[in-house]
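Student: could you work out the structure for the sequence below:
(2 chains)
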Amino acid sequence: MKNRLKVLRAERDWTQADLATKLDVSRQTINAIENGKFDPSLPLAFKAARLFDMSIESIFDDA
Amino acid sequence: MTNPNTNSETSAWATNTARNTVRLRYWTLTWVLTMALANFGPPFLWRYEPWLTAGAIFVNLMIGFAMINANKRYLQGSDELQKKIQLEAMALSLGVGLVVGLSYSNLDVTSLITFDAEISHLVILMVLTYAAGIYAGHRRYR
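Tutor: The predicted structure follows:
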């Protein structure tokens, strides 16, 4: 699944560790999601959407 | 669900995970030490005194349950990718342990091997398979 986490994180000048802390996950998990190796669960996707104040569809794209 | 904009709450997750890891490490080490005591105590420390041997085995069993509880808490506190890695490693370990363990037992039952198939061999196999599964999982998702 493609996603814009890396771009959104870079826009805010956050490291992977910063984002991991804000989402209550490990840095490895953020890295795996950004690289498309792991798809987040719905609760985690909602959490990311709330954090960036965006809709889930505008962050994650399953096309 | 916690508010992602609250740093004090989010850092609590990492603290809790670290605490769970330390707790699991402590109970695992204690379990291994009491296992050694239950095995080596009778011949080397108390000359097979039945009550002491039974006590050592009982203490080891109780600490084993505490270790299981610590492992459960560790898994519950892990994030979803960590849980996935753990699940895949445990599935691999259980599957290999079952299949290879029974074939190994058959080799012993049919006298195709000259030595006894010990339960400790199975435990070593499962531990090594689990460790390999964890290593492979971390490499896959790094």
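Student: care to break chain B down by domain?
Tutor: The record, using automatic domain parsing to delimit domains, assigns chain B the ranges B:1-78, B:79-142.
Student: which helix or strand contains B:Y104?
Tutor: Using DSSP states H and E, B:Y104 sits in helix B:80-109.
Student: output the contacting helices and strands for that helix.
Tutor: Applying 3 or more Cβ pairs under 8 Å, 6 or more residues apart in numbering or on different chains; DSSP states H and E, we find helix B:80-109 packed against helix A:27-34, helix B:119-140. All C-beta spots, glycine's among them, are computed from the backbone N, C-alpha and C.
Student: packing partners for the shortest one?
Tutor: So the one you mean is helix A:27-34. helix A:5-11, helix A:16-23, helix B:80-109.
Student: what comes up buried for the helix or strand encompassing A:L44?
Tutor: Here A:L44, judged by DSSP H and E, is contained in helix A:42-52. Of the residues in helix A:42-52, those buried under the neighbour-count criterion (16 or more other Cβ atoms under 10 Å in any protein chain shown) are A:44-45, A:47-49, A:51-52.
Student: pLDDT below threshold where in chain B?
Tutor: B:1-10 (pLDDT under 70).
Student: again, only using 90
Tutor: Screening chain B residue by residue with the criterion pLDDT under 90, one finds the ranges B:1-12, B:142.
Student: kindly report the same for chain A.
Tutor: Within chain A, the stretches with pLDDT under 90 are A:1, A:62-63.
Student: so which bits of it are right by chain B?
Tutor: Applying the criterion Cβ under 8 Å from any Cβ of the partner chain, the portion of chain A that neighbours chain B consists of A:21-26, A:28-29, A:31-32, A:37-38, A:40-41, A:43-44, A:46-48, A:50-51.
Student: would you mind measuring from B:G97 to chain A?
Tutor: Using Cβ to the nearest Cβ, to the nearest Å, one obtains 27 Å as the distance from B:G97 to chain A.
Student: equivalent analysis for B:R73, please.
Tutor: Summarising the geometry, the distance separating B:R73 from chain A, computed by Cβ to the nearest Cβ, is 16 Å.
Student: re the thing from before, dump the helices and strands packed on helix B:80-109 to a markdown table, plus mean neighbour count and distance to B:K84.
Tutor: Output for the helices and strands packed on helix B:80-109, formatted as a markdown table (neighbours: other Cβ atoms under 10 Å in any protein chain shown; distance: least, Cβ to Cβ, whole Å):
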| stretch | mean neighbour count | distance to B:K84 |
| --- | --- | --- |
| helix A:27-34 | 21 | 10 |
| helix B:119-140 | 14 | 8 |
